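**Student:** mind folding the following:
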Amino acid sequence: MKTDKRASGQKDRIKTRMAPSPTGKLHVGGLRTALYNYLFAKQNKGGEFWLRIEDTDRARFAPGATEEIFAMLKWAGLNWDGEPVVQSKRLEIYQKYAQQLVDSDHAYYCFCTPEELEKRRAEQQAKKQPPRYDGKCRNLSALEVKEKSASNLPRVIRYKVPASKTVEFDDGVYGKIKYNSNDVDDQILLKSDGYPTYHLAVVVDDHEMGITHVLRGEEWLPSTPKHILLYQAFGWQPPVYCHLPNILGQNKKKLSKREGDASVEDFKNKGYLPEALINYIALLGWNPGTEQEIFSLSELVKQFDINKLHKAGAIFDGKKLDNINGQYIRKLKSKEVINFCRPYLTEIYGDALQNYSDEYVASVVTLEQERLKKLSDITASTQFFFTDNLEYDAKLLIWKKSDKTAMSDNLTIIKQKLADMGEWDKPNLEKEILQFIKDKKLTNGEALWPLRVALSGQENSPGPFEIAAILGKQESLRRIKAAVDKL
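**Tutor:** Coordinates of the predicted model:
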């Protein structure tokens, strides 16, 4: 991607921006857009990454969404430069520039009602024509405009797209792209309520903020000729554009919230670490060209290369994310993972968690740390540590081709051995029981399988020595007796 420093007043500095609309929770695709803008800015000396809230679509505005966007970006470690720009606080600026375009004959007042526009749109569709504005108000005389305005008729300002003009630009991902202006509609710039449309606001803001490079989703590619034409009408230099391929769901369509949890907050609540999520989404559509898979944010800043972005959308792979998140969890210090997991345990057990000592809870969490894919897994994987009554089928206690009698006998003699033991910790339990199994000429499977199930009630769990060490002698013996009774 080009690195031209070409925005007004900022010729020696790269400036990018993230410009979300506060219509709901921050989507993971939006987080990736923010990440790529952040990485590209920060890998250039003096580069700046700015935040702009595009809240001019009042019909879709969601209260609290702006604050949620701020919170999720901070959680992900993507700190922006300066104060966020909020479009709804800049209405007079957009109105000024829209009027400037009217005065220079690059825009015009349109008095067509929504009903008229809908009728014409239906007629165009019936004729299998692309729906677009037919230019009815484009050539109104100054007198007609004055009379209609005097009647207080609702009006908008539309851009007067020049005819038969070639619009071309070099996109950072897709290369040289050309459009014919005849295929560009006379889009609305300023609505009747005085609010700008996206097309006017984005051009004005990017210019005034000195944005040099715009990295945004590929869905905005068809809008780019509209924006370049506006830059030309104002006499401004447009930024360098780079349209990012979409993140796709398993159905190979754009990842949607309707397909499941796709908001950043959803991932946070499920127990994905911000470093892991950032690491994973950086690889969605970008390949470092090496075997390296784990990257810190600082490493991404150094190695990220926008020229290595794929043109095709990347499919979101939840299993791959789980794998990366698990690697990050295993790197946490014990105290960190305990603090991260405790809220999930509290949510499930509430005040009952206070019946267990901090040391006990810490031991349970530390034991599971190696197995966790996400922090929220701690509740399901450790449930047997926080119950007095294990519920499981007695058949689960039987090892392969063995039978109830043999399993009952094995558990009974192991229980007696454990009852006679003094030092109760994992190393000693393992040493004593393995030697006992050898002396009794048993196999590890026919002795340790029923012991582990008796202690956990699960088919898959940590080993029996780790479990017994945490449960303690009294509880371990009680559970083994209960297993023998089941058999």
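**Student:** next, the buried residues of stretch 187-198.
**Tutor:** Within stretch 187-198, the residues scored as buried using 16 or more other Cβ atoms under 10 Å are 187-191, 195-198. The way it works is simple: take the backbone N, C-alpha and C, and place the C-beta from them, glycine included.
**Student:** no no, stretch 441-453
**Tutor:** 442, 446-453.
**Student:** how about stretch 90-100?
**Tutor:** 90-91, 94-95, 97-98.
**Student:** now swap in stretch 420-437 and tell me
**Tutor:** Using 16+ other Cβ under 10 Å as the test for burial, stretch 420-437 gives 426, 429-430, 432-433, 436-437.
**Student:** re earlier: Throw the buried residues of stretch 441-453 into JSON lines and include secondary structure, thanks.
**Tutor:** Output for these, formatted as JSON lines (DSSP: H, G, I helix; E, B strand; the rest coil):
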{"residue": "442", "secondary structure": "coil"}
{"residue": "446", "secondary structure": "helix"}
{"residue": "447", "secondary structure": "helix"}
{"residue": "448", "secondary structure": "helix"}
{"residue": "449", "secondary structure": "helix"}
{"residue": "450", "secondary structure": "helix"}
{"residue": "451", "secondary structure": "helix"}
{"residue": "452", "secondary structure": "helix"}
{"residue": "453", "secondary structure": "helix"}
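**Student:** check what pLDDT residue 5 gets.
**Tutor:** pLDDT for residue 5: 43.
**Student:** typo on my end, residue 487
**Tutor:** 89.
**Student:** number of residues surrounding it?
**Tutor:** By other Cβ atoms under 10 Å, the residues close to residue 487 number 19.
**Student:** residue 134 now?
**Tutor:** By other Cβ under 10 Å, the residues close to residue 134 number 17.
**Student:** and which of the buried residues of stretch 441-453 is nearest residue 411?
**Tutor:** residue 450 (5.4 Å; Cβ to Cβ).
**Student:** residue contacts, that closest one?
**Tutor:** Residue 450 makes contact with 397-399, 407, 410-411, 483 under the criterion Cβ atoms under 8 Å, 6 or more residues apart in numbering.
**Student:** switch to 7 Å and redo it
**Tutor:** 397, 399, 407, 410-411, 483 (Cβ atoms under 7 Å, 6 or more residues apart in numbering).
**Student:** what is the neighbour count of residue 318?
**Tutor:** 12.
**Student:** can you show me the helices along the stretch 301-450 of the chain?
**Tutor:** 318-331, 334-349, 358-368, 377-381, 404-420, 426-439, 444-456 (DSSP state H, counting those that start in this stretch).
**Student:** and the first one, which residues are buried?
**Tutor:** The neighbour-count check on helix 318-331 (16+ other Cβ under 10 Å) flags 321-322, 324-326, 328-329 as buried.
**Student:** kindly report the same for the second one.
**Tutor:** For helix 334-349, the buried set under the neighbour-count rule, 16+ other Cβ under 10 Å, comprises 337-338, 340-342, 344-345, 349.
**Student:** likewise the third one?
**Tutor:** Within helix 358-368, the residues that qualify as buried are 360-368, counting by 16+ other Cβ under 10 Å.
**Student:** what about residue 463, distance to residue 483?
**Tutor:** Counting by Cβ to Cβ, to the nearest Å, the separation of residue 463 from residue 483 is 16 Å.
**Student:** could you do residue 460 as well?
**Tutor:** Distance check for residue 460 against residue 483: by Cβ to Cβ, it reads 17 Å.
**Student:** can you check residue 78 too?
**Tutor:** 51 Å.
**Student:** please identify which of the two sits among more neighbours.
**Tutor:** Legend: neighbour count by other Cβ under 10 Å for residue 78 and residue 483, higher for residue 483 (25 against 21).
**Student:** between the helices of the stretch 301-450 of the chain, which gets nearest to residue 308?
**Tutor:** Nearest of these (Cβ to Cβ): helix 318-331, 18.5 Å.
**Student:** quick revisit: widest-spaced pair of the buried residues of helix 358-368?
**Tutor:** So, the buried residues of helix 358-368 by Cβ to Cβ: farthest apart are 360 and 368, at 13.2 Å.
**Student:** first-to-last residue distance for stretch 454-465?
**Tutor:** 12 Å (Cα to Cα, to the nearest Å).
**Student:** where along the protein do the strands fall?
**Tutor:** Assigned by DSSP state E, the chain shows strands spanning 15-18, 48-53, 85-86, 107-110, 156-159, 166-171, 175-180, 188-190, 213-217, 240-244, 247-248, 314-315.
**Student:** could I get the ones you listed as JSON lines with distance to residue 473 and mean pLDDT?
**Tutor:** As requested, the strands of the chain are exported to JSON lines (distance: least, Cβ to Cβ, whole Å; pLDDT from 0 to 100):
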{"stretch": "strand 15-18", "distance to residue 473": "56", "mean pLDDT": "98"}
{"stretch": "strand 48-53", "distance to residue 473": "57", "mean pLDDT": "98"}
{"stretch": "strand 85-86", "distance to residue 473": "62", "mean pLDDT": "96"}
{"stretch": "strand 107-110", "distance to residue 473": "83", "mean pLDDT": "97"}
{"stretch": "strand 156-159", "distance to residue 473": "79", "mean pLDDT": "98"}
{"stretch": "strand 166-171", "distance to residue 473": "68", "mean pLDDT": "96"}
{"stretch": "strand 175-180", "distance to residue 473": "70", "mean pLDDT": "95"}
{"stretch": "strand 188-190", "distance to residue 473": "76", "mean pLDDT": "97"}
{"stretch": "strand 213-217", "distance to residue 473": "59", "mean pLDDT": "96"}
{"stretch": "strand 240-244", "distance to residue 473": "58", "mean pLDDT": "96"}
{"stretch": "strand 247-248", "distance to residue 473": "52", "mean pLDDT": "91"}
{"stretch": "strand 314-315", "distance to residue 473": "51", "mean pLDDT": "91"}
